[in-house]
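**Q** here you go, sequence then predicted model.
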Amino acid sequence: MDELFERVRTFGRRLGETEFAGDLEGALRDGLADLDALSRDDPFWRGWANEHVTVAKLTDHAAQRLAGDPGDRTARLCLIALRLDANDAGLPLLAAEIAKDAEAVADAA
């Protein structure tokens, strides 16, 4: 997981967006804690080979949370952080942030 956090910090330094990168890192930490706190009897864990917290499981968990509550900012930011290396860099997930704050358009660009 340390590599994931460092990737987010590097993103922030490179783009001069350390505050936003801090938000992303915080969302990752909160998402990981939420997933780890999830009862191992929860239906989420069915189908996984084990009950260890991983990036793949965090991705699924955050996606499920966001699908259940489109206003879940932690889940949204968590998914953005997890997609920084993807072709779209998670930009489609920023739509809600951009709608709330016109300055976020410049940040997204």
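**A** Sure, I can see it.

**Q** can you pull the phi/psi pair for Asp69?
**A** phi -150, psi 90 (degrees, to the nearest 10).

**Q** which residue is the nearest non-sequential neighbour of it?
**A** Once flanking residues are discounted, Asp69 sits nearest to Ala75: 7.4 Å by Cβ to Cβ, 6 or more residues apart in numbering. Using the backbone N, CA and C atoms, a C-beta is placed for each residue, glycine as well.

**Q** residue contacts, the one you found?
**A** With contact set as Cβ atoms under 8 Å, 6 or more residues apart in numbering, Ala75 has these partners: 27, 31, 62-63, 65-66, 69.

**Q** and what of Gly31?
**A** Applying Cβ under 8 Å, 6+ apart, the residues contacting Gly31 are 58, 61-62, 74-75, 78.

**Q** point to the residue nearest the middle of the chain.
**A** Cys78 (1.0 Å; Cα atoms, centre = their mean).

**Q** surely that residue touches Glu25?
**A** No. Cys78 lies out of contact with Glu25 (Cβ atoms under 8 Å); the separation is 10.0 Å.

**Q** longest helix of the protein?
**A** helix 18-37 (DSSP state H).

**Q** C-terminal to it, what's the next element?
**A** helix 55-68 (DSSP states H and E).

**Q** how far does the helix or strand where the residue nearest to Asp69 lies sit from the chain's center?
**A** Following DSSP H and E, one finds Ala75 within helix 73-82. Relative to its chain's centre, helix 73-82 lies at 2 Å (Cα atoms, centre = their mean, to the nearest Å).

**Q** mind checking how far the residue nearest to Asp69 is from Glu25?
**A** Note on Ala75: its distance to Glu25, by Cβ to Cβ, to the nearest Å, is 15 Å.

**Q** any stretches of the protein with poor pLDDT?
**A** 86-109 (pLDDT under 70).

**Q** go again with 80.
**A** 85-109 (pLDDT under 80).
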